[in-house]
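> A structural model of the following input is requested.
(2 chains)
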Amino acid sequence: NAGVTQTPKFRILKIGQSMTLQCTQDMNHNYMYWYRQDPGMGLKLIYYSVGAGITDKGEVPNGYNVSRSTTEDFPLRLLSAAPSQTSVYFCASSPPDRFAYEQYFGPGTRLTVT
Amino acid sequence: RKEVEQDPGPFNVPEGATVAFNCTYSNSASQSFFWYRQDCRKEPKLLMSVYSSGNEDGRFTAQLNRASQYISLLIRDSKLSDSATYLCVVPNQAGTALIFGKGTTLSVSS
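Numbering: from 1, shown residues only, chains lettered A, B, ... in the order given. As a prediction, this is how the structure comes out:
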């Protein structure tokens, strides 16, 4: 099992550009999450999904969008990049019987907006 | 009180030392608590879960004090490889998401 994979690993965007961060898991987990982590700060939940076709906002959803068409994939879209979105983005998943608890994280995407 | 609060450190200790981190939380109804470990520029990984008064796994012991609403992580016989940031994690009130603390940084030196 590859676990949770994320692409790209690094990206530099100009203000106003859009992009999609990809996340895939091969553990057949129903629950998936997107977090951002700013330097010296804890992880903040952006969006989460409890299964294909179901998504919900987390603590900091503004400026982002998500979709969940399959169990495996949970892409995060930045609509119009702003410097405040410079951060490390982590995707995570958890098994259906351990909702929100034992989460498995991908390696992260480091995004810089200039 | 903040949802989850940790002493950021850093804690600088020699190999073999015993070190303890504390974490306070605001949700008195929380039934489960977690410690995640995050290496520099890496993803967080689950270290320990705490569902009752405490949990022990080798050199690591997590203890829960519900009356004072804090959990602690004790590391005995510290190794160089224990150098990392330790994140205290508590479910939110709705039970729909995890709240991550900012983390406590540990540096173990030889």
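
> so where is chain B shaky, pLDDT-wise?
Under the criterion pLDDT under 70, no range of chain B is flagged.

> same question for chain A.
In the predicted model of chain A, residues A:97-101 satisfy pLDDT under 70.

> dump the C-alpha coordinates for stretch A:14-26 into CSV.
Backbone C-alpha positions of stretch A:14-26 (Å, rounded to 0.1, in the frame of the first residue of the first chain) are rendered in CSV as follows:
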residue,chain,number,x,y,z
LYS,A,14,1.5,34.0,-8.6
ILE,A,15,-1.2,35.9,-6.9
GLY,A,16,-4.6,35.2,-8.6
GLN,A,17,-3.6,31.9,-10.2
SER,A,18,-5.5,28.8,-9.4
MET,A,19,-4.4,25.2,-8.9
THR,A,20,-5.5,21.8,-7.8
LEU,A,21,-3.7,19.8,-5.1
GLN,A,22,-4.1,16.1,-5.7
CYS,A,23,-4.6,13.5,-2.9
THR,A,24,-5.1,9.8,-3.3
GLN,A,25,-5.4,7.0,-0.8
ASP,A,26,-5.4,3.3,-1.4
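
> which of the residues in that stretch are buried?
Of the residues in stretch A:14-26, A:21, A:23-25 count as buried by neighbour count, 16 or more other C-beta atoms under 10 Å in any protein chain shown. For every residue, glycine as well, the C-beta is placed using N, CA and C.

> so which of those are also by chain B?
Contacts with chain B are made by none of these, judged by C-beta under 8 Å from any C-beta of the partner chain.

> quick check: of these, which lies closest to chain B?
Minimum separation from chain B among the buried residues of stretch A:14-26 (C-beta to the nearest C-beta) is found for A:C23, which lies at 11.9 Å.

> sorry, back to before: can you put the buried residues of stretch A:14-26 in a markdown table and add secondary structure?
Listed next are the buried residues of stretch A:14-26 as a markdown table, based on DSSP: H, G, I helix; E, B strand; the rest coil:
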| residue | secondary structure |
| --- | --- |
| A:L21 | strand |
| A:C23 | strand |
| A:T24 | strand |
| A:Q25 | strand |
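
> number of residues surrounding A:P75?
Burial of A:P75 is recorded as 17 neighbouring residues (other C-beta atoms under 10 Å in any protein chain shown).

> correct me, but it touches A:M32?
No: counting by C-beta atoms under 8 Å, A:M32 is not a contact partner of A:P75; they are 10.3 Å apart.
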